[in-house]
Each structure stands twice: as structure tokens, then as C-alpha cells.
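Novice: what's the 3D shape of this:
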Amino acid sequence: MNRSSISILPLVMIVIGVVLLLGAAVWYLTGGGLFNLTATPETAVVTEDTYADIPRVSVQDAKAAFDSSSGVFVDVRDVQSYQQSHIQGAISIPLNELPGRTDELNPSDWIITYCT
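Specialist: Numbers count the residues shown, from 1 in each chain. The predicted structure is shown next:
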């Protein structure tokens, strides 16, 4: 090897490294990375206006419904969270299962869903 080919080698290696890093960054940011960052029903963020037609229940009204047994509480968290802790008497129907399990609920009951 002559002197000119030896001095170019580090520069070529740096350029190849930069190109590889840029390619990896583009691949990761476009969804090909180790983590798929697309929302699923379990991880989707629901904004307040998504269910604007469904009335909110205050903590005081929920407590009154619990005390008088006038409401049916439905825990929409995953089963493991429900098993760790839940409102006494609450039904566990995870949010992703809710559309297929509405027949388990009486539509004439006051149904109060919660997730925390």
C-alpha cells in the first residue's frame, strides 16, 4: 500500500459509518425500528372530544351511585390491572373487548365505566 491509500482509508470508513447511521435513523423513524410506535386499541390516546355525546360522571355522583347500588361499574382496564385492584362489585370488561361484550350489560342500568 502506498501512503495516499492509507490516508484515505479513515475518511472512507467515517463516510460509510455516517451513511449507515443515517440509514438506521430513517429506518427507525419510518416504523421499521425495534418498536412499532403505531397505536393499538390498548394504547390509543382518547381525547376528551372523542366521546362528547357520552356524559361524564363526577366522582361525587359515582360515589353516590356506588353507595346506593344504583350504578353498574365496569372496569375497562386489562385483566391483570383488574385483578390487582378494582371497585368492589365492578365487572371486568377490558376496553378492547367491550364492543363484543355489551350484551353482558343491561342498557337500562346506569353503566359507569372507569379505567383508573
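Novice: would you map out the domains in this protein?
Specialist: Domain segmentation of the chain under automatic domain parsing yields 1-36, 48-114.
Novice: and the shortest one, average pLDDT?
Specialist: Here the mean pLDDT over domain 1-36 is 73, rounded to a whole number.
Novice: show me the contacts for Asp67.
Specialist: With contacts defined as Cβ atoms under 8 Å, 6 or more residues apart in numbering, Asp67 has no neighbours. Heads up, the C-betas are built off the backbone N, CA and C, glycines and all.
Novice: tell me which residues in the host helix or strand of it are buried?
Specialist: Element membership for Asp67, per DSSP states H and E: helix 59-68. Judged by neighbour count using 16 or more other Cβ atoms under 10 Å, the buried positions of helix 59-68 are Ala62, Ala65, Phe66.
Novice: can you tell me which of the domains of the chain is packed in deepest?
Specialist: domain 48-114 (a mean of 13; mean count of other Cβ atoms under 10 Å).
Novice: can you pull out the helices in the chain?
Specialist: 3-27, 59-68, 79-84, 98-101 (DSSP state H).
Novice: nearest to Asp53, out of those?
Specialist: Proximity to Asp53, assessed across these by Cβ to Cβ, is greatest for helix 98-101 (16.3 Å).
Novice: can you list contacts of that closest one?
Specialist: Val74, Val76, Ile93.
Novice: at 6 Å instead, please
Specialist: Outside helix 98-101, the residues that touch it by Cβ atoms under 6 Å, 6 or more residues apart in numbering are Ile93.
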